[in-house]
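In: everything below, folded, please.
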Amino acid sequence: MFSTESVLSLDHADIYQGTKLILGDVSFQIHKGDFAYLIGRTGSGKTSLLKTLYADLWLQNGKGFVAGYSLDKLKPRDVPFLRRKIGIVFQDFQLFPDRTVEENLRFVLKATGWKKTNDMNNRIADVLMQVGLGTAQKKMPHQLSGGEQQRVVVARAMLNEPLVLIADEPTGNLDPAVSDQIMKVFQAINNAGTAVLMATHNYDLLNKYPARVLRCQDGQVVELAG
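Out: Sure, this is the predicted structure:
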């Protein structure tokens, strides 16, 4: 734990999908440098909870706070700024298939306000080194394995030095050996000070890489005793 500074918190929050209450009265905090798993059966509300944190779903009741933004007071125009402060890693890679790794990353930097080519090049080189893909800049996504593509996705999420990385089943499509590699990347990022909240149904990872565990169950989120 690096500090008691909270980078993400929900306080008596109700998570809705449309008009349907998915999770009720959710309260927890993630501090700077924390690593926490979010577990639960398919349909238990993990993805809805994560979508609320990055403002894909609006927080309708209760309070929420992510990277300096109040979710309960968030305006649509604030959403891009909130998302610059958090990294999001999905299960499906969502890379542009017709652009090189470097071009995929440059697109995000330009979209988030970076202007200088030199700065962009340096940052792209930095994040690819961070995930162990220093030589992949000119490759196309189809030339990479699934694990390598997921590393590019993690690198993309790290471009703007987020306070917290939110990952939704990032190893869901990967075999165990590759999942281990991805976990080691997440651990390195976490050890460097970025908080990580990771939804997973891979219980082997919880045993191999122990951390805090939050479980979505029966419409609630409970923290399991460590």
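In: now for the host helix or strand of residue 147, which elements pack on it?
Out: Using DSSP states H and E, the element containing residue 147 is helix 146-158. For helix 146-158, the elements it packs on are strand 86-89, helix 101-111, helix 117-130, strand 164-168, helix 176-191, judged by 3 or more C-beta pairs under 8 Å, 6 or more residues apart in numbering; DSSP states H and E. Where you see a C-beta, it was placed from the backbone N, CA and C, and this is true even at glycine.
In: make it 7 Å
Out: Using 3 or more C-beta pairs under 7 Å, 6 or more residues apart in numbering; DSSP states H and E as the contact test, the elements touching helix 146-158 are strand 86-89, helix 101-111, helix 117-130, helix 176-191.
In: ok, residues contacting the third one?
Out: Contact with helix 117-130 is made by 102, 105-106, 109, 114, 134, 136-137, 155, 158-159, as judged by C-beta atoms under 7 Å, 6 or more residues apart in numbering.
In: ditto for the shortest one
Out: Under the contact criterion C-beta under 7 Å, 6+ apart, strand 86-89 has outside partners 54, 66-67, 153-154, 157-158, 162-167, 170.
In: out of these, which end up buried?
Out: Among those, those that count as buried by neighbour count (16 or more other C-beta atoms under 10 Å) are 54, 66-67, 153-154, 157-158, 162-167, 170.
In: what is the nearest of those to residue 39?
Out: Distances from those to residue 39 were compared by C-beta to C-beta; the smallest belongs to residue 167, at 12.8 Å.
In: buried residues in the worst-scoring helix or strand of the chain on mean pLDDT, which are they?
Out: Least confident element among the helices and strands of the chain, by mean pLDDT, DSSP states H and E: helix 79-85 (a mean of 89). Neighbour-count burial for helix 79-85 flags 82-85 (criterion: 16+ other C-beta under 10 Å).
In: what do you get for stretch 11-26?
Out: Residues of stretch 11-26 classed as buried by neighbour count (16+ other C-beta under 10 Å): 13-16, 22-24, 26.
In: perfect, that will be all.
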